[in-house]
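**Q** sequence-free structure coming up:
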Ligand SMILES: *Cc1c(COP(=O)(O)O)cnc(C)c1O
């Protein structure tokens, strides 16, 4: 392995490990003891360190606070039956982080800084990775501008950080979704493909309206015609209609290129399912709901892996989806992905990095 970068380690003297209830973990509430930090200045990433998780001190003129020059990632680490630490597709997250960074004029993170920083952090906080079935460690890498300057231009300085939090076993609850045809998450030429902070800020208001109406999440449509289904808030979406798996293509730059999406499509093709990467239109969806040809609908993303959709609102009508038999594709693919992530099944795609 590449160990060219020098990482300073400062251990905490006040571990929160003993005081953490691993039986009742809720997502994103308890952070592990340490974080990885690197600073960008004078044109290069430097000062690599693992240090106690702690608040940052920011100047009120910090560029990120005003103009949102910030990108992030999300991935998970798991423990197998022998307590080995396995990370799922970190190379793909590293590449995507840099694609997002390019779009926001943020300097790329070299692969060895990302990978060695992550490895070192997981070594130091190894005890934070739950070893119970279904539990995992959520990993949040992010980069943000740190110039104190109110003019609008790319910052000259940045911070790259990684922190983690243990997450409990949760059967992702099935979700209800509303097809959104007024507001827009992403437009062609915009930042929809980047995991950029501002995308999420802009989606809160329309999502809140849907939640007040009783739906969990939105199904976004394209910004131009509002006819084509794109994705959900933090998940890509897939539909199985008449035996074909349909999911939106990522070629227009409006859709986040989900790593779970890619993994599910790979497995679907291997299982012999017909995969159709094309836009499903709102009227096609409505028709499939009305004539009962929609067999399955689900979201894909790191947090839940697969989130089954049980209700879809189109126009002013709610449609309940049929109960899925236990041998449905979405259950099968969830089981296969879990088996790979927890090391119970051979990793023939090279998706697992062992720490
Ligand atoms: C992160 C994210 C996804 C899912 O990506 P994964 O790599 O599968 O976790 C999908 N859509 C949006 C908008 C996202 O932010």
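**A** That came through fine. All figures in this text were calculated on a predicted structure; none of them were measured in a lab. Residues are numbered from 1 along each chain as shown.

**Q** what's the burial count for residue 55?
**A** For residue 55, the neighbour count with other Cβ atoms under 10 Å is 5. The C-beta positions use only the backbone N, C-alpha and C, and glycine is treated the same way.

**Q** Offset the numbering so it begins at 19, please.
**A** Done: numbering now begins at 19, and the last item shifts to residue 73.

**Q** what kind of secondary structure is it in?
**A** At residue 73 the chain is in coil, as set by DSSP: H, G, I helix; E, B strand; the rest coil.

**Q** check contacts around it.
**A** Residues counted as contacts of residue 73 (Cβ atoms under 8 Å, 6 or more residues apart in numbering): none.

**Q** again with residue 274
**A** So residue 274 contacts 210, 211, 213, 249, 254, 268 (Cβ under 8 Å, 6+ apart).

**Q** In space, what's closest to the second one - neighbours in sequence excluded?
**A** I take that to be residue 211. Spatial nearest neighbour of residue 211, excluding adjacent residues (Cβ to Cβ, 6 or more residues apart in numbering): residue 271 at 4.6 Å.

**Q** correct me, but residue 356 touches residue 323?
**A** Yes - the pair residue 356 / residue 323 is scored as a contact, 7.2 Å apart, by Cβ atoms under 8 Å.

**Q** more crowded one of these two?
**A** Comparing residue 356 with residue 323 by neighbour count (other Cβ under 10 Å), the higher total belongs to residue 323, at 23 against 17.

**Q** That one: what's it in contact with?
**A** Applying Cβ under 8 Å, 6+ apart to residue 323 gives the contacts 190, 278, 352, 355, 356.

**Q** And the pLDDT for it?
**A** Looking at residue 323, its pLDDT is 94.

**Q** That one bridge partners, please.
**A** Applying DSSP bridges to residue 323 yields these beta-bridge partners: residue 319.

**Q** For the ligand, see how far away it is.
**A** In this structure, residue 323 and the ligand are 8 Å apart, going by Cβ to the nearest ligand atom, to the nearest Å.

**Q** do residue 222 as well
**A** Counting by Cβ to the nearest ligand atom, the gap from residue 222 to the ligand is 13 Å.

**Q** If I look at that residue, what pLDDT would I see?
**A** Predicted confidence (pLDDT) for residue 222: 97.

**Q** Of the contacts of residue 274, which ones also sit close to the ligand?
**A** Contacts with the ligand within the contacts of residue 274, counted by Cβ under 6 Å from any ligand atom: 213, 249, 254.

**Q** What residues does the stretch 169-318 of the chain have near the ligand?
**A** Near the ligand, when you scan the stretch 169-318 of the chain using Cβ under 6 Å from any ligand atom, you find 213, 249, 252, 253, 254, 274, 276, 277, 278, 279, 318.

**Q** In strands only, show me the residues you listed.
**A** 254, 318 (DSSP state E).

**Q** so which one among the residues of the stretch 169-318 of the chain next to the ligand has the lowest pLDDT?
**A** Comparing pLDDT over these, the lowest reading goes to residue 252, 91.

**Q** need the contact list for that residue.
**A** So residue 252 contacts 218, 319, 321 (Cβ under 8 Å, 6+ apart).
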